[in-house]
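A.B. asks: Fold the following, please.
(2 chains)
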Protein chains: 2
Amino acid sequence: MTEPLDLSWMRVDRRRGPALYRQIYARVRDAILSGRLAPGARLPSSRTLASQLAAARGTVEQAYNMLAGEGYIVGEGAAGTRVDPELRMKAEPPPRARTGEPREMGRDHGEPPPASAPQPFQMGLPALDAFPRKLWSRLATRSARSFASGAIGYPDGVGHPPLRRAIAGYLAIARGITCAPEQVFVTAGYQGALGLVAHALLRPGDALWLEDPAYFRAREALTRAGAQLVSVPVDADGLDVARGVARAPDARFAVVTPSHQAPLGMTLSLPRRLALLDWARRAKAWILEDDYDSEFRYRGRPLPALKSLDRDGRVLYAGTFSKVLLPALRLGYLVVPEAQVARFAGTARFLAPSTALVDQMTVAAFIEDGHFARHIKRMRRLYAERRTALAAGLEAALGDRLRIEAPAGGMHLVARGVRPFDDVALAERARAAGLAPGALSPWAIKAKVEPALLISFTNVPAGEANRVARRFARVVERFL
Amino acid sequence: MTEPLDLSWMRVDRRRGPALYRQIYARVRDAILSGRLAPGARLPSSRTLASQLAAARGTVEQAYNMLAGEGYIVGEGAAGTRVDPELRMKAEPPPRARTGEPREMGRDHGEPPPASAPQPFQMGLPALDAFPRKLWSRLATRSARSFASGAIGYPDGVGHPPLRRAIAGYLAIARGITCAPEQVFVTAGYQGALGLVAHALLRPGDALWLEDPAYFRAREALTRAGAQLVSVPVDADGLDVARGVARAPDARFAVVTPSHQAPLGMTLSLPRRLALLDWARRAKAWILEDDYDSEFRYRGRPLPALKSLDRDGRVLYAGTFSKVLLPALRLGYLVVPEAQVARFAGTARFLAPSTALVDQMTVAAFIEDGHFARHIKRMRRLYAERRTALAAGLEAALGDRLRIEAPAGGMHLVARGVRPFDDVALAERARAAGLAPGALSPWAIKAKVEPALLISFTNVPAGEANRVARRFARVVERFL
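C.D. replies: Numbers count the residues shown, from 1 in each chain, chains lettered A, B, ... in the order given. Next up is the predicted model:
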């Protein structure tokens, strides 16, 4: 933390080239994309950098603002500015790394070579080695051909009708939700669902309960949409509804992850579910249920979705295909109460239409032909195996330093230290070693959370668990 | 208009089946989708229908609200409720009619058979017979395969980088716009661009200039986003800037179609452009330039985009691929001033991410490989020929009844009557005869517009122009 900053990469030319703030922006961005600045790495303060470059401080700030807006860096008040520690986990890998499309590779400069595999422990990714790429490719090329040969008019902005029907059918079986296809809106993943809800129902200044800790991107989206966030702590039973009522009885929204709290993994208990619904009914508030990681459950009976208990039409239910199929699809869905269908249909068609008709056709076929149910079942078995193997491997290699918790569901383990440690710094150091655990601290809003690491097991084959755990141990040993 | 309403199709069962309002909703929707209720057709008032069905008026209103929200019907105050007269032109053809995907056909009930061709005169569609489907199919299947085999992480919500670059390159050459790829945001067509702008910059209650007449869907989107619309008349030079300044000097937005006014087709004159920019600079207002139909120009030199004159960073520029490629793509783009990049990047990533990576890859390849420029050139020639032929055919068949105007650009003719007539009723009648002109009246906000028909020539081959015009004459003769 006190090492002098190496700024050798910050070469700018004040006399030539684009405006100075653009040069600074580009140098920092390139340094992040090339890995020279790792996630979590500190940047010089705008004052320091401005003085080193003999530039105005406002110039540096303009560059930093662009970088922050694009999600590369985060300001942490007195703690200074860092490369976003969650950069890999939550976000876009560098642009070119995604498709591996060979024709594009030669064209780019300053971007890293395409990633051929996800990093072990990386959150939010399904097992990419187990995705049925050939089958998908076959269905997708069929959709693409059918689209090219037949598509005539404008697709319906609420979603491709066969996909809406397929989702409604899936939710009835898998999540206990009875809904008509018209209640299902296809969205650009969870972020698109948040945008749709914000356009349809949120008024700037509306008070909104958010779990603490909570998904960074939900927090950011809701803040940008003008919500007044009220953080509500979670405990072993999930969101503490009574604390929410005490803090903001008249809130208009509650955003919750009942199946598997993001990121701690507990389930919202049934009494809490009923209390939450009761509050929403009385307060005429909306509950946005993010059914985070509900597809995977390894012990006990899964509770049906909160939405299945919604008698008063207060629950909006969001699901996504990003983590059960492929993140690159960025397709999700929102189920709204019947009385809200008209409002949401208008909002979707006029302000947030769904697109990606080819992908929607492919997902619909994948579900209708039974591949989806089979894929989830297969992944559940695979993840159960990987979860057990990695937990055991970490226990063996690091049991004296970390306490490994395996939540009943989801796609990651939670590892707490036997004594306090800097989880952000550890995660950062791990990334340099090619491992990508998340740090819990940045998910907290006001809650005091014990530092912890969030360790996804989805992309660690069981046979490699011990080896990967030992590799991780060499990093952890420096901190704990 | 005074014919008794035939409600034989409104069969509901109060004792069985879904809730009564859902049955009413479904019957009306089916009647519209099956063509029994044509665009523009009147519906019984909620009072009348409720009494005929012995139902509560609120029940009928609930059904009507759903239908209105989904865009099937429009309320017109004292004038009652109608099937949206613009339904075909502006909107989604009925869901199943789009892709012609054979595997889906057998599954649906209550929806019309797939349309195999667009109706003559239908607005907003490119020449579907001239779209290079084979080439597209080849590029799209390549993208789909590459996606399936390589996609790893989450795509960047601001757009696929090669597509952003390709768009920036195209705009530099075709529209005189100098912008960096980072200024380009990929959107879900024009509606998605409006949603992005609304999330990023619009505060409820903001005053906003809108051309009068204006695109129905822009008006609806902006109203839903909470804007306070101020209608500003257009004349032969386009938007009357002085009137805008007089009506709402402190408006925060102006939404304009400078290249080709939607739908009348005049170009915003250079003095007006400069006046508009000057106002925006002084008022610190945003100009949203919808570069409607700018790709096609048949006489005179096209003016570069308004954005190319934007010295003060006040212009947001929106374009779409819906009308130069395929509506079913629903892909568009928004170019924002450099100083707004950070804000829009955050908004896009957190609240309105782009999706459709496969389609984005395909469009990028289509542009980069030179197909896009060739396609536009080819369409320009084809449309020039179709425009001339249809104008001549209509002139010959209907010159004594309609004055045919062919604007210098765009994709449709404007036909005014030699005496007053009911353009909505005529358009409705024409649809029953398999022709789909638009009516001008519903585009007007407060402006008194002469009734007129909007007649697209893109899907009328030159060799069929006379025949189609004579067919149309038989409809027109009943009205004029």
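
A.B. asks: Okay, now the unreliable bits of chain A?
C.D. replies: By pLDDT under 70, the low-scoring segments of chain A are A:1-6, A:8, A:16-18, A:30, A:33-35, A:66, A:68-71, A:76-79, A:86-116.

A.B. asks: the longest helix in it is where?
C.D. replies: helix A:371-398 (DSSP state H).

A.B. asks: What is it packed up against?
C.D. replies: Where contact means 3 or more Cβ pairs under 8 Å, 6 or more residues apart in numbering or on different chains; DSSP states H and E, helix A:371-398 is packed against helix A:161-175, helix A:357-368, strand A:402-405, strand A:412-417, helix A:465-476. Bear in mind the C-beta positions are built from the backbone N, C-alpha and C, glycine included.

A.B. asks: Would you convert these into CSV that also reports mean neighbour count?
C.D. replies: As requested, the helices and strands packed on helix A:371-398 are arranged in CSV below (neighbours: other Cβ atoms under 10 Å in any protein chain shown):
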stretch, mean neighbour count
helix A:161-175, 21
helix A:357-368, 26
strand A:402-405, 18
strand A:412-417, 22
helix A:465-476, 19
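
A.B. asks: Give me the nearest residue to residue A:314, chain neighbours excluded.
C.D. replies: Computed as Cβ to Cβ, 6 or more residues apart in numbering or on different chains, the closest residue to residue A:314 that is not its neighbour in sequence is residue A:280, at 4.0 Å.

A.B. asks: burial of that neighbour, as a residue count?
C.D. replies: 21 (other Cβ atoms under 10 Å in any protein chain shown).

A.B. asks: cool, residue A:420 as well?
C.D. replies: Here the number of neighbours of residue A:420 (other Cβ under 10 Å) works out to 9.

A.B. asks: before we move on, what about residue A:330?
C.D. replies: The local packing of residue A:330 (other Cβ under 10 Å) involves 26 other residues.

A.B. asks: That one contacts residue A:322, correct?
C.D. replies: Yes - counting by Cβ atoms under 8 Å, residue A:322 is a contact partner of residue A:330 at 6.2 Å.

A.B. asks: which residues are in contact with both of those two?
C.D. replies: A:189, B:154 (Cβ atoms under 8 Å, 6 or more residues apart in numbering or on different chains).

A.B. asks: So which residues make contact with the strand ranked longest in chain A?
C.D. replies: Counting residues, the longest strand found in chain A (DSSP state E) is strand A:228-235. Residues from elsewhere that reach strand A:228-235 (Cβ under 8 Å, 6+ apart): A:205-214, A:219, A:222-223, A:239-241, A:243-244, A:247-248, A:251, A:254, A:261, A:264, A:266, A:445-447.

A.B. asks: who does the helix or strand that it is followed by pair up with?
C.D. replies: Using DSSP states H and E, the helix or strand that follows strand A:228-235 towards the C-terminus is strand A:238-239. Using DSSP bridges, strand A:238-239 pairs in its sheet with strand A:228-235 (antiparallel).

A.B. asks: How far does the partner strand sit from its chain's centre?
C.D. replies: Distance of strand A:228-235 from the chain centroid (Cα atoms, centre = their mean, to the nearest Å) equals 18 Å.
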